[in-house]
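Enquirer: give me a model of this one.
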Amino acid sequence: MVLPETDKGTVPNQRIKIIPTGPLSPARKRDIALNYAQGEILAFLDDDAYPESNWLTNALEDFKDNDVAAVCGPAITPGDDGLRQKVSSMIFASFLVCGPFTYRYLPKAKREVWDYPSCNLLVRKTILEELGGFNTDFWPGEDTKLCLDITKKLGKRIIYDPRVLVYHHRRKIFLPHLKQIASYALHRGYFVKRYPETSLKFTYFIPTLFFLAIVGGAMLSLFSASFKILYLSGIIFYLFLVFIFSIRKTVYLIPLLFLGIILTHLTYGFYFLKGLVSLRLKEEK
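Expert: From the prediction side, this is the model:
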């Protein structure tokens with residue numbers, strides 16, 4: 001089933017159903033698809049992702065537990081992606097950037113999760129019907145609301161299984177990657193107030209604390225020589241840490257990864273703060 005904004009004409013496979021929706025958000029399109037879906041499990045992918053061959057088979061094993069409402073898995077970068085996409089992937093997969101959430105980008109141990117991106121998410125149809133669908137126009141962030149409804153409103157489980165794997169093309173560094181980071185951070189910052197159960201986590205605040213330390217420290221350094229030494233020492237330690245996490249056997253990747261991690265930290269920190277202080281974010285229509 002494909003839900004484009006306008007009718008794209010004939011399709012090569014007659015089993016594919018085309019349902020034009022007009023200019024709607026991804027969440028609204030999925031809510032419309034819910035009315036047409038005939039299966040028991042609804043599988044969600046991004047338009048720049050594709051599944052591993054045993055994706056559905058592996059996910060169905062987890063759904064044998066009736067208390068499991070949704071199943072998810074890692075979204076790794078395809079081997080044929082370009083250099084700038086692979087560097088973006090390395091940034092996402094770095095513990096220095098994503099901390100405890102690297103399992104979203106690398107196969108890790110099976111676990112229960114409370115929030116997960118919809119680029120690789122399978123949900124029982126009965127669960128979505130009970131919740132009334134995604135029921136939001138936020139994008140990104142529609143998946144955060146859905147996962148919150150599943151875990152808190154219904155008290156059901158979301159299982160991460162490393163075998164439920166998809167390949168996800170990344171944005172190229174630097175500008176496309178940073179624009180994506182900015183969008184994620186803006187909504188996450190706003191969701192701290194809107195959906196604190198999933199977004200009021202200290203780990204999400206770390207880049208903003210770093211950003212404020214960089215800006216505030218630079219200003220205070222103008223008035224105190226001793227503080228300036230402390231501030232510069234902290235900067236040097238941070239740069240050394242980034243360098244350590246940037247080391248790769250392929251030497252020419254090191255400067256790209258080094259700069260990419262720094263810019264990712266600063267971009268996320270600024271836009272998370274912007275979302276945090278925003279009175280309201282426009283829901284995509």
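
Enquirer: how deep is residue 201 tucked in, by neighbour count?
Expert: If you count neighbours by other Cβ atoms under 10 Å, residue 201 ends up with 16. For every residue, glycine as well, the C-beta is placed using N, CA and C.

Enquirer: sorry, slip of the keys, the one I care about is residue 206.
Expert: Residue 206, neighbours per other Cβ under 10 Å, totals 15.

Enquirer: number of nearby residues for residue 38?
Expert: So residue 38, with other Cβ under 10 Å, has 6 neighbours.

Enquirer: which residues touch it?
Expert: Counting by Cβ atoms under 8 Å, 6 or more residues apart in numbering, residue 38 makes contact with nothing.

Enquirer: any idea how far it is from residue 62?
Expert: 21 Å (Cβ to Cβ, to the nearest Å).

Enquirer: repeat that for residue 268.
Expert: Plainly put, residue 268 is 31 Å away from residue 62 if you go by Cβ to Cβ.

Enquirer: the two: who's more crowded?
Expert: residue 268 (25 against 21).

Enquirer: over to that one. Which of the three states is it?
Expert: Under the three-state scheme (DSSP: H, G, I helix; E, B strand; the rest coil), residue 268 adopts helix.

Enquirer: residue contacts, it?
Expert: 181, 182, 184, 185, 207, 208.

Enquirer: so the first one is in contact with residue 264, correct?
Expert: Which is residue 181. Yes: between residue 181 and residue 264 there is a contact under Cβ atoms under 8 Å: 5.5 Å.

Enquirer: quick one: low-confidence ranges for the stretch 151-285 of the chain?
Expert: Within the stretch 151-285 of the chain, the segments meeting pLDDT under 70 span 282-285.

Enquirer: show me where this structure has strands.
Expert: 41-45, 49-51, 68-72, 75-76, 111-113, 120-124, 157-160, 166-168 (DSSP state E).

Enquirer: could the ones you listed go into TSV alongside mean neighbour count and distance to residue 223?
Expert: Shown next, in TSV, are the strands of the chain (neighbours: other Cβ atoms under 10 Å; distance: least, Cβ to Cβ, whole Å):
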stretch	mean neighbour count	distance to residue 223
strand 41-45	18	52
strand 49-51	16	50
strand 68-72	25	49
strand 75-76	24	47
strand 111-113	12	46
strand 120-124	24	50
strand 157-160	21	48
strand 166-168	21	47
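
Enquirer: dump those to CSV, plus distance to residue 225.
Expert: Shown next, in CSV, are the strands of the chain (distance: least, Cβ to Cβ, whole Å):
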stretch, distance to residue 225
strand 41-45, 56
strand 49-51, 52
strand 68-72, 52
strand 75-76, 48
strand 111-113, 48
strand 120-124, 52
strand 157-160, 50
strand 166-168, 49
